[in-house]
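Visitor: Generate a structure from the sequence data that follows.
(one chain, ligands or ions: 1)
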Amino acid sequence: MKVATAVRAVVCLSVWLSVCQVSGFHLPPKMNRTIQNLLQHYKIPPQERFNGKPVFSKEPLTGRLETKRVFMGGVLETYEKLFSKMLRQLPTPSPQTAGNEDHPASDVSAAQGAAGSDTEVKEGLGDLLEMIRNLRKHSYQDEEKVLQGLHSLKTIQLDNTVVQSKALWELPWLYEEASTLSHMQMQRKRRRRQARRSKSHQRA
Ligand SMILES: *[C@@H]1O[C@H](CO)[C@@H](O)[C@H](O)[C@H]1NC(C)=O
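Guide: You can find the predicted model right below:
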């Protein structure tokens, strides 16, 4: 009897734990420590940090899963560029690259002083960069393709006459495709509404 109860408790616990794992992801403590340490180094006054204008808008994250994933793919891409830039901005101790025109190496390290050595900062940024790269590589490849497509739309030469003529030629197919997608979306919404209505009928 007692054994059965204990077994049941263990089963419950492991089910509960696995549900926790699928329902939400928790930041690894080591990553949080790295971030907290870097924040000691990259200090800004609280009134600047909490000025109501975050760097990354949360609005695109209220949409559907596909939309959110594409946006998050772009966010990860931006973080990768950001950390690469922050790494390049660190003063390099090796003699041939020490300092640059605006900030001699000695000034920079004197200003950064107490909060973590440059080596620690470099390691921390390197760790974060690697985590971002892994996440992109392992689960955001399809979204990356969409983003590349969007980036290349931005580079189309709208005042080139060859481009203009070719685009006209391609319009019939693209317009059909875009209209089909719009039609499919409306049908999906209608179906969802009907499903909801029949469910409430059943309950009544
Ligand atoms: C990260 O660490 C800070 C400082 O120790 C703590 O206040 C915060 O709750 C932690 N955040 C997460 C998501 O673990």
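
Visitor: Secondary structure element for residue 192, which one?
Guide: helix 161-203 (DSSP states H and E).

Visitor: Let me know the average pLDDT across the one helix or strand residue 66 maps to.
Guide: Using DSSP H and E, residue 66 maps to helix 65-89. Helix 65-89 comes out with an average pLDDT of 95.

Visitor: Show residues contacting it.
Guide: 56, 60-61, 63, 122, 125-126, 128-129, 132-133, 135-136, 140, 143-144, 146-147 (Cβ atoms under 8 Å, 6 or more residues apart in numbering). No exception for glycine: its C-beta is placed from N, CA and C like everyone else's.

Visitor: Pull out the buried positions in that helix.
Guide: The neighbour-count check on helix 65-89 (16 or more other Cβ atoms under 10 Å) flags 69-77, 79-80, 83, 86 as buried.

Visitor: SS state for whichever residue of the chain sits closest to the ligand?
Guide: For the chain and the ligand, the shortest gap (Cβ to the nearest ligand atom) falls at residue 32, measuring 3.7 Å. Of the three states, residue 32 takes helix according to DSSP: H, G, I helix; E, B strand; the rest coil.

Visitor: ok, it to residue 62 distance?
Guide: 25 Å (Cβ to Cβ, to the nearest Å).

Visitor: more neighbours, these two?
Guide: residue 32 (11 against 8; other Cβ atoms under 10 Å).

Visitor: if we can go back for a sec, any of the contacts of helix 65-89 buried? List them.
Guide: By 16+ other Cβ under 10 Å, the contacts of helix 65-89 give 122, 125, 128-129, 132, 136, 140, 143-144, 147 as buried.

Visitor: related to what we said a few turns ago, using CSV, please lay out the buried residues of helix 65-89 together with distance to residue 175.
Guide: Formatted as CSV, those follow (distance: Cβ to Cβ, whole Å):
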residue, distance to residue 175
69, 27
70, 22
71, 26
72, 30
73, 27
74, 27
75, 31
76, 33
77, 30
79, 36
80, 36
83, 41
86, 44
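
Visitor: can those go into a markdown table with extra columns for distance to the ligand?
Guide: Rendered in a markdown table, the data for these read as follows (distance: Cβ to the nearest ligand atom, whole Å):
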| residue | distance to the ligand |
| --- | --- |
| 69 | 22 |
| 70 | 25 |
| 71 | 21 |
| 72 | 17 |
| 73 | 22 |
| 74 | 23 |
| 75 | 17 |
| 76 | 18 |
| 77 | 23 |
| 79 | 17 |
| 80 | 21 |
| 83 | 19 |
| 86 | 20 |
